[in-house]
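Q: Have a look at this fold, sequence not included:
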């Protein structure tokens, strides 16, 4: 890691004199161009972010942040939070059976289900979204999205070990207006969305945003019954916000949102191309599997989500201090059906309903003046209850080795309660002209308790077999645990010029401990911790027509919560340490009026320092050969972390031209990700792949009517969004095939 920090430091030192000379050149150019009046409309527009819990220009924030406006997201074709990786190198968002598993710079989780929390937090309008299925947000009515890279433990707290995704929706306006869009695409896909806003009185404004999507034709076919799979029955999302301004110093925002989704788009497939994972398939088959998006399963895959919430934000100006209160309640219900063996046999099945409720309250005070000291302090409370209600694991007669021919079910009903308290403060002080020192700390206290029952059921035992009672007495599962952590941030930043910021920081973060709800006698797993050093440079040149940001980082990551199987059950334990370092780049250049290029790059070197009991479902050097449908554990030190590309980058361009009949606009984005492994054993993998998205649109001269032609994955790339080394084989979920369509929109 030393060479990266030394190289970056030298780059900063070399760029300072050049920056000062550039400032003088720019000043002269501005004076010349000011007379002509041509410079102001060519500079890159500022994006205001709240990465430090206060509004600041993106280029003034000493944190690695990728930010995009709602217009930018629409131009690139981003429709949900899962698509953000296309414009955010270093961010990957695998999705398993409806559960979102985002990773930033390699920090993430491969586990899912109630009781499992992700170390990349998702926020919407300042509210933490703890439920993984609910964090797959449909993006509508969006002001901007911010992706903060690196631990954000001081200001955002729990479960922001790897960073966070922050989504900010539009505020209502008193001026009446709105928009309606209708899209039709291949696979008989219909998308409709609408937004309306306006004033209800002199002090109250409101808005309403709704979106509906339906895909009638599937991506593939289930060879078992001939039905299409990879369809979307419906995805409906709605959001309403009230903005109340009883005085010049007070703003109140009341927001409500709801989403209902029923889909099998992310159906799990059995991949037999990587032969080490095929013994189970070959032992019972082989069966025809059809094409890439086809399956051959006798148990229907499905996931259904119903989620919603309400939040109340109050902002009040006390003079030199600003007071903010955010109160929120959220609730979700998620059901999924899964053929665990992925074959047309009476093997393994899963049916589950996961329920989640959360309440949070945050009180925050922050400085509200332009003095040399800027500070923010707050108190935070979080309560949640989540669990399986129920989860039913079916073991078919064909695979029940204890009683052959007898179907057997393990049924769990359980929940986990979490109560979390935190106090935090962070202050930045200008210790020298244009030089700021930032110190911050956060104390976290969490208490978790788990309770539930587990029962066993067998039906219709044939003669000669060992009969099971229809229902065994449920086993009680009460237990609890407490976790405490202090996180901190130390940073130094310096303005080398009006448009050049350099910074260096050292942060810590933690992901909470907890329980595996699917294992009634499992011990609690401990929190995982990360220490992160980062150095960065944010620059703009040539009258702000060029923006280039670079950051280098080094992580020490310990007590990593890793997944393993024990006696057929999934366990989480703290068994790994890792070290990661790398570089992030992002930039934009305005070449001419209406013509711009943008891009980003992420390089990550990641290795386990130790991982003594890593699961392996297939033979590998130094490990015993696993039994059919089983796993073995052995050391994985020196291996890469799961779902972490060494290199990823994106390049995009925008071109627009005004004509006598309106404005034509063209957008194209190219994304590439290098090879990633499914698990710590580094056997199963997704090879490097490319994605190309593009759109061309026409807007009339009144700016009311827009027609857009769009296409995504134009190269028809076959790639996976989920890759799991299961006990019956390699389970994969594929990304969408090539999709294209037309959108007609009207603004008023």
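A: Perfect, I can see it now. Every value quoted in this text rests on a predicted model; they were computed, and no experiment measured them. Numbering: from 1, shown residues only.
Q: got the residue ranges for the helices in this protein?
A: 2-36, 70-76, 279-284 (DSSP state H).
Q: What mean pLDDT does the shortest one get?
A: Think helix 279-284. Over the span of helix 279-284, the pLDDT mean works out to 68.
Q: now swap in stretch 710-725 and tell me
A: Mean pLDDT, taken over the full extent of stretch 710-725, equals 92.
Q: end-to-end on it?
A: 35 Å (CA to CA, to the nearest Å).
Q: And for stretch 122-142?
A: Using CA to CA, the gap from the first to the last residue of stretch 122-142 comes to 15 Å.
Q: related to what we said a few turns ago, select from the helices of the chain the stretch with the lowest mean pLDDT.
A: By mean pLDDT, the lowest-scoring of the helices of the chain turns out to be helix 2-36, with a mean of 38.
Q: which of the residues in stretch 242-252 are buried?
A: In terms of neighbour count (16 or more other CB atoms under 10 Å), stretch 242-252 has its buried residues at 242, 243, 244, 245, 251, 252. Backbone N, C-alpha and C define where each C-beta goes, glycine included.
Q: And for stretch 378-393?
A: Along stretch 378-393, the positions that meet the burial threshold by neighbour count (16+ other CB under 10 Å) are 378, 380, 382, 384-393.
Q: Could you do stretch 673-688 as well?
A: Applying a neighbour-count criterion of 16+ other CB under 10 Å, one finds 673, 674, 676, 677, 678, 679, 680, 681, 682, 683, 684, 686 buried in stretch 673-688.
Q: now these in a markdown table, with pLDDT and distance to residue 599?
A: What follows is those, written out as a markdown table (pLDDT from 0 to 100; distance: CB to CB, whole Å):
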| residue | pLDDT | distance to residue 599 |
| --- | --- | --- |
| 673 | 96 | 14 |
| 674 | 96 | 16 |
| 676 | 95 | 21 |
| 677 | 93 | 26 |
| 678 | 89 | 28 |
| 679 | 88 | 31 |
| 680 | 89 | 31 |
| 681 | 88 | 34 |
| 682 | 91 | 29 |
| 683 | 88 | 33 |
| 684 | 89 | 30 |
| 686 | 94 | 22 |
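Q: Mark which of these are part of strands, please.
A: Residues from those lying in strands, with DSSP state E as the criterion: 673, 676, 677, 686.
Q: could I get these as CSV with distance to residue 96?
A: Converted to CSV, these look like this (distance: CB to CB, whole Å):
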residue, distance to residue 96
673, 18
676, 14
677, 15
686, 14
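Q: which two from those residues end up farthest apart in space?
A: For those, with distances taken as CB to CB, the pair at the greatest spread is 673 and 677 (12.7 Å).
Q: Okay, the closest residue to residue 287 other than its chain neighbours and residue 227: tell me how far apart.
A: Counting by CB to CB, 6 or more residues apart in numbering, the nearest residue to residue 287 once its immediate chain neighbours are dropped is residue 296, at 5.2 Å. Taken as CB to CB, to the nearest Å, the spacing of residue 296 relative to residue 227 amounts to 12 Å.
Q: Tell me which of the two has more neighbours.
A: Neighbours were tallied for residue 296 and for residue 227 using other CB atoms under 10 Å; the higher tally belongs to residue 296 (21 against 13).
Q: Assess the claim that residue 112 and residue 99 are in contact.
A: Yes - using CB atoms under 8 Å, residue 112 makes contact with residue 99 at a distance of 3.7 Å.
Q: what touches both of the two?
A: For the pair residue 112 and residue 99, residues contacting each of them under the criterion CB atoms under 8 Å, 6 or more residues apart in numbering are residue 132.
Q: how about the strands in the stretch 101-250 of the chain?
A: When secondary structure is read from DSSP state E, counting those that start in this stretch, the stretch 101-250 of the chain shows strands at 103-104, 120-124, 127-128, 142-149, 163-169, 177-185, 189-199, 204-215, 220-221, 228-229, 232-247, 250-263.
Q: ranking the ones you listed by burial, who's on top?
A: By mean neighbour count, with neighbours taken as mean count of other CB atoms under 10 Å, strand 103-104 ranks first of these at a mean of 28.
Q: Which elements pack onto that one?
A: Counting by 3 or more CB pairs under 8 Å, 6 or more residues apart in numbering; DSSP states H and E, the packing neighbours recorded for strand 103-104 are strand 91-92.
Q: any idea how far the residue nearest to residue 189 when sequence neighbours are not counted lies from residue 691?
A: Nearest residue to residue 189, sequence neighbours excluded (CB to CB, 6+ apart): residue 215, at 4.5 Å. When distance is defined by CB to CB, residue 215 is 19 Å away from residue 691.
Q: ok, now how distant is the nearest residue to residue 558 once chain neighbours are set aside from residue 107?
A: Closest residue to residue 558 in three dimensions, ignoring its sequence neighbours and counting by CB to CB, 6+ apart: residue 577, at 4.7 Å. According to CB to CB, residue 577 and residue 107 sit 13 Å apart.
Q: Common neighbours of these two, please.
A: When CB under 8 Å, 6+ apart defines a contact, the residues bordering residue 577 and residue 107 alike are residue 557.
Q: higher neighbour count, those two?
A: Neighbours per residue (other CB under 10 Å) separate residue 577 from residue 107, with residue 107 holding more: 30 against 17.
Q: Please name the residues that touch the more buried one.
A: Remark: with contacts taken as CB under 8 Å, 6+ apart, residue 107 is in contact with 119, 120, 161, 162, 163, 530, 555, 557, 580.
Q: Now flag whichever of those residues is closest to residue 658.
A: Out of these, the member with the shortest distance to residue 658 (by CB to CB) is residue 163, at 39.2 Å.
Q: before we move on, the earlier item: would JSON lines of the buried residues of stretch 673-688 with distance to residue 455 be doable?
A: Formatted as JSON lines, the entries for these read as follows, by distance: CB to CB, whole Å:
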{"residue": "673", "distance to residue 455": "44"}
{"residue": "674", "distance to residue 455": "46"}
{"residue": "676", "distance to residue 455": "39"}
{"residue": "677", "distance to residue 455": "37"}
{"residue": "678", "distance to residue 455": "33"}
{"residue": "679", "distance to residue 455": "31"}
{"residue": "680", "distance to residue 455": "33"}
{"residue": "681", "distance to residue 455": "34"}
{"residue": "682", "distance to residue 455": "39"}
{"residue": "683", "distance to residue 455": "36"}
{"residue": "684", "distance to residue 455": "34"}
{"residue": "686", "distance to residue 455": "38"}
